[in-house]
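Asker: 3D model of this:
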Amino acid sequence: MGISTSQDGRRWTLAIFALVCVHVVVSVVVPRGIFLTAFGDLVQNLVLFAAAIAFLANVRTDSPKPRLFWALMGLGLTIWLVSQVMWTYVEVFLRHEAPNPFVGDVVLFLHVVPMMAAVAVQPHVQQDGRAIRAGSLDFALLLTWWLFLYLFVVIPWQYVHLSEPVYGTSFDLLYFSEELVMAGALLLVRRRSSGVWRSIYFQLFGATLLYCGASFLASEAIDMHVYYTGSLFDVPLVASMAWFVRIGFMGQQTQAGGPVEEAPAVGFGIWKARLAMIAVCITPLMLAWAQFAGNVPPRVRAYRLLLTVAVMLIMGLLVYVKQHLLDQELLSLLRLSRQNLDEMCRLKDELENKEQSLRWHSLELQRKNLELQEISFTDVLTGVWNRRYMEEILTAEAGQVMRNYERARGGDIRKMDHRDLVFIMVDVDFFKQVNDLHGHPAGDRLLQLVAQRLSTVVRKSDVLVRWGGEEFLIMSRSTDPTGTPAFCSRVLEVIASEPFDLGHGIMVNKTCSVGWAAYPWCRGAYEAICAEESIALADAALYRAKARGRNVGIGIVASEEASLRPKAVDLDALRQEGCPLTSTIETPCPVIKSAAAAPRL
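Answerer: I've put the predicted structure just below:
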């Protein structure tokens, strides 16, 4: 990593040097004109675009603070690019000399503010959410302050009372001061950093300082009307922009990790808060400047007074919000401390009172947990197992079946008996009519009676589950699927054999529909579908039973072709009627229908 970084640094240094040399040659050889102007503007736009992309590419890091740092730096470079595009549009496309004052100057001035915020983030240190929120408000105060300075010092001589000399001097000094503050902040942060971040901060300081001097020199040349795009004044500007590109590529070294240094617990970020408070305190002094500054036109004086009052209100609101957040945080910490103290006292009392009975409570807790687990797996209405219980045991049951088949691999799998699972789906026919005619209590009673009758036909090793609504699922363990039609016949018979007594003199005859499928579904391709898909296939068989008039059992089994074409076995294909991979086994109800006891509902 160190060798690669050193090589990249040398390459970028050579590239910057070559770019500066080319620019110097073009500035000296090519006379002033549209070609030189287009060349100068195009080079600056391309270099700034490359710098913005290089910084924003580092946003892919997983650490939140470095990600915010590179995003803010990239935003600042993007705003810088916007101002340069505006300048290019006037000079190249409109072919006019950029005016002074220029409307893009405010964009150029504000591009430094996100970069200051990026430095204030300090991605090389760790920071909690409270400090981040307070820092965000400090940044908002500083942003408001810098914008206010621009509106106070520069804008009056551009829009309120036009004065080109005063405007140029005001803008140059304010912009120069902003760049110096940025460079000073980088030096301060660099002192508290180490490793790759220390190098990045130093490179940013160098690029900022170079741009600070170059921009001040170019601004003075503009005010003296000796500047033109592509001249030698642009050489240090282009060099500083290219320097930012190199710094963006250095950010790839920070991708592997986030903040590595611990922030101090007390006083972290205090200098940001102090700067913000200094800005708030200085703002009222601007009223005195606005009121008593000499040789200022009345319109400028009135504008500055109104502006200062408005900014004081905005900054006062931000200070109020910050203080409110700090108060809420303090109250929250106090409440948490009190709660922790009370909790410690309570725990101490409980430990003293229950030390001797701890073993008994532990045993009681285990018993209660077993009871709760059984309750959570039991359907409250019918008393049989619920769907959650089936989902809990299905993986283990299916895994045991698969292990049996794996151990028998190489033998005649077709001769393996009593190793399979069979999923039998039972649905009460026309159940909704009972709720509609007799009410939901009668429907609930019917479900309880159906569960009781089904319990009489299942084996102890089988699992009876209320699957949902009026549907029940029977999972038959260690079963030969060839005997399933007979079992379905018993299910149909026990449901339809006699009326259900729902109480209050209500007697109803009911039938059911049955759909079933085995797992493995095809012994010749026992890995083709999983247990959950076999349940879905049993559900599809149930719908076929309903479509054939109800009171019948339907099983979907594998045909010979399924064993010959195991790769063609797919759940969606097996659900289709007439699929050549499936065969259907139909089991009618053996009960002879009679018009005896009660009307059939």
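Asker: Let me see the ranges of the strands in this structure.
Answerer: Ranges of strands in the chain, per DSSP state E, are 385-386, 420-428, 463-468, 471-479, 500-503, 506-508, 512-519, 552-558, 582-588.
Asker: Pipe the ones you listed into JSON lines and attach distance to residue 445, mean neighbour count and mean pLDDT per row.
Answerer: Glycine gets a C-beta too; all of them are placed from N, C-alpha and C. What follows is the strands of the chain, written out as JSON lines (distance: least, CB to CB, whole Å; neighbours: other CB atoms under 10 Å; pLDDT from 0 to 100):
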{"stretch": "strand 385-386", "distance to residue 445": "19", "mean neighbour count": "20", "mean pLDDT": "92"}
{"stretch": "strand 420-428", "distance to residue 445": "12", "mean neighbour count": "25", "mean pLDDT": "94"}
{"stretch": "strand 463-468", "distance to residue 445": "14", "mean neighbour count": "20", "mean pLDDT": "93"}
{"stretch": "strand 471-479", "distance to residue 445": "16", "mean neighbour count": "22", "mean pLDDT": "91"}
{"stretch": "strand 500-503", "distance to residue 445": "5", "mean neighbour count": "17", "mean pLDDT": "92"}
{"stretch": "strand 506-508", "distance to residue 445": "9", "mean neighbour count": "18", "mean pLDDT": "93"}
{"stretch": "strand 512-519", "distance to residue 445": "16", "mean neighbour count": "28", "mean pLDDT": "95"}
{"stretch": "strand 552-558", "distance to residue 445": "25", "mean neighbour count": "24", "mean pLDDT": "93"}
{"stretch": "strand 582-588", "distance to residue 445": "28", "mean neighbour count": "17", "mean pLDDT": "92"}
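Asker: do you know which of those lies nearest residue 56?
Answerer: Closest to residue 56 of those is strand 463-468 (CB to CB; 51.3 Å).
Asker: Look at residue 180 and say how many residues are nearby.
Answerer: Residue 180 has 14 neighbouring residues, counting by other CB atoms under 10 Å.
Asker: Sorry, wrong one. I was asking about residue 572.
Answerer: Residues within reach of residue 572, counting by other CB under 10 Å, total 9.
Asker: Now do it against residue 369, distance only.
Answerer: Using CB to CB, to the nearest Å, residue 572 is found at 42 Å from residue 369.
Asker: one step back: CSV please, covering the strands of the chain and showing distance to residue 23.
Answerer: Below are the strands of the chain laid out as CSV (distance: least, CB to CB, whole Å):
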stretch, distance to residue 23
strand 385-386, 78
strand 420-428, 78
strand 463-468, 76
strand 471-479, 79
strand 500-503, 96
strand 506-508, 96
strand 512-519, 76
strand 552-558, 78
strand 582-588, 77
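Asker: closest one to residue 197 among those strands?
Answerer: Nearest to residue 197, of those and by CB to CB, is strand 385-386 at 56.6 Å.
Asker: From residue 251, how far out is residue 199?
Answerer: Taken as CB to CB, the span from residue 199 to residue 251 is 11 Å.
Asker: Pick out whichever of the two has more residues nearby.
Answerer: Using other CB under 10 Å as the criterion, residue 199 and residue 251 rank with residue 251 on top: 24 against 17.
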